[in-house]
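> here are the coordinates; sequence isn't available:
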């Protein structure tokens, strides 16, 4: 059973409001991975604006599959399995779409000029490659007994550092919530 939006919301509220968990050792590679994921999610606002202007659908299966295949094909050279990469990128894509759908469900402010979707996609492609490069070191940091507390602390820190609103905090939880499981694959 997939977690509902409400359960992700509860997790995000805990991340936003809860004190930092008992201090876990710093996980710089994990924190960098979450930072990249957060940057990727913040681009979802511009993607939503572009799609509102153009009338294009949020779902873009051909592009998603192309990105999944390309990055999974590079997995071995970065020390991770193709399936692990597919899982990470699919979670990033779904989290990004969560933000887009939520933003498009209400009137968006007029952006004035047209948003350049190709420029945004170019940045997304860069972030995808950076995520791939940082994935193996982050997984190595998570192959510990205290994976979940370590991940939760890192998520809290990222939400705080980036001053994420509730929507983006929920999306970040969605993008990274299964990292402990993926580290065990």
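Received it, and whenever you're ready, just let me know what you need. This is a predicted model, so every value here is computed, not measured. Numbering: from 1, shown residues only.

> Name the residues of the helix or strand containing residue 71 that come out as buried.
Element membership for residue 71 (DSSP states H and E) is helix 61-73. Buried residues in helix 61-73, counted by 16 or more other C-beta atoms under 10 Å: 64, 67, 68, 71, 72. For the C-beta atoms, the positions are set from N, CA and C on the backbone; glycine is no exception.

> how about low-confidence regions in this protein?
Under the criterion pLDDT under 70, the flagged ranges of the chain are 1-25, 111.

> Helix, strand, or coil at the most far-flung residue of the chain relative to its centre?
Most distant from the centre of the chain: residue 112, at 27.6 Å, with distances by C-alpha atoms, centre = their mean. Put simply, residue 112 is coil when judged by DSSP: H, G, I helix; E, B strand; the rest coil.

> before we move on, what about the one 3 residues further on?
Three-state secondary structure (criterion: three-state DSSP) places residue 115 in coil.

> can you tell me the helix or strand for residue 139?
Secondary structure from DSSP H and E places residue 139 in helix 117-142.

> and the helix or strand that comes right after that helix, what other elements does it pack with?
Sequence-wise, the next helix or strand downstream of helix 117-142 (DSSP H and E) is helix 147-162. Judged by 3 or more C-beta pairs under 8 Å, 6 or more residues apart in numbering; DSSP states H and E, the packing partners of helix 147-162 are helix 5-17, helix 28-54, helix 117-142, helix 166-176, helix 179-183.
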